[in-house]
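[1] Fold the following for me, if possible:
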Amino acid sequence: MSQKLNLGDLIEIDRRGYQHWAIYVGDGYVVHLVSADGSRPNTSFSLSASTKKALVKKQRLSEVTEGNKWRVKNKHDNKYSPKSRQEIVQSALQMVGKKIDYNVVTMNFEHFANNLRYGRYECDQVIRGAGILGAVGTVLAATAAFGFGVMRSLGRQ
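    Below you'll find the model as predicted:
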């Protein structure tokens with residue numbers, strides 16, 4: 001895939017079951033999170049199950065994508081003012097080599113990248129997941145209430 005890349009761009013990488021996120025820092029390199037123990041997650045949830053720490057790494061974009069589709073996705077630029085490109089890159093490069101706490105809900109790949117670009121820990125994958133779980137919960141609650149009502153009315157006859 002060939003797209004014009006600018007310093008500080010958010011890169012979204014398709015992986016099986018989730019999207020991986022990175023920050024473009026120039027010359028074909030990105031900064032992103034990997035498992036501190038070297039394992040690669042199969043889904044967005046498996047990294048949190050296997051480790052509580054992530055390592056900030058600088059790698060060639062071509063290595064990180066592993067042949068998967070990717071895109072520039074500065075998705076919150078219309079909602080938040082991004083930091084300057086130089087500040088994003090400088091912050092990202094200062095993090096390289098550090099181990100940080102990892103949590104799929106509060107500090108994952110997307111939180112990390114969004115914080116570098118916007119100064120905000122935000123993750124649409126978590127928000128979407130919470131919305132789906134909320135909808136499922138609502139359906140289950142409605143089903144249970146309906147079933148209770150039917151059972152109650154049958155008991156009165």
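[2] could you pull out the strands for the chain?
    Ranges of strands in the chain, per DSSP state E, are 10-15, 18-26, 29-35, 53-60, 70-72, 99-101.
[3] Just checking: what are the partner strands of the first one?
    Pairing partners of strand 10-15, with direction, according to DSSP bridges: strand 18-26 (antiparallel), strand 70-72 (antiparallel).
[4] Out of the strands of the chain, flag the one nearest residue 85.
    Of all those, strand 18-26 sits nearest to residue 85, with 9.5 Å by Cβ to Cβ. Every C-beta, even on glycine, is put in place using the N, C-alpha and C of the backbone.
[5] thinking again about what came up before, point out the one among the strands of the chain that comes closest to residue 82.
    When the strands of the chain are compared by Cβ to Cβ, strand 10-15 sits nearest residue 82, at 8.9 Å.
[6] who touches that closest one?
    Outside of strand 10-15, the residues within contact range by Cβ atoms under 8 Å, 6 or more residues apart in numbering are 5, 19-24, 30, 61, 64-65, 68-75, 113-114, 117.
[7] What subset of those residues is buried?
    The neighbour count (16 or more other Cβ atoms under 10 Å) marks 5, 19-24, 30, 61, 64-65, 70, 73, 75, 113-114, 117 as buried among the contacts of strand 10-15.
[8] where are the low-confidence patches of this structure?
    Low-confidence segments of the chain (pLDDT under 70): 1-2, 38-51, 125-157.
[9] Columns distance to residue 80 on top of the strands of the chain, output as JSON lines?
    Shown next, in JSON lines, are the strands of the chain (distance: least, Cβ to Cβ, whole Å):
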{"stretch": "strand 10-15", "distance to residue 80": "12"}
{"stretch": "strand 18-26", "distance to residue 80": "15"}
{"stretch": "strand 29-35", "distance to residue 80": "19"}
{"stretch": "strand 53-60", "distance to residue 80": "22"}
{"stretch": "strand 70-72", "distance to residue 80": "16"}
{"stretch": "strand 99-101", "distance to residue 80": "22"}
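[10] which parts of stretch 73-82 are buried?
    Buried residues in stretch 73-82, defined by neighbour count with 16+ other Cβ under 10 Å: 73, 75-76, 82.
[11] Alright, I will stop here.
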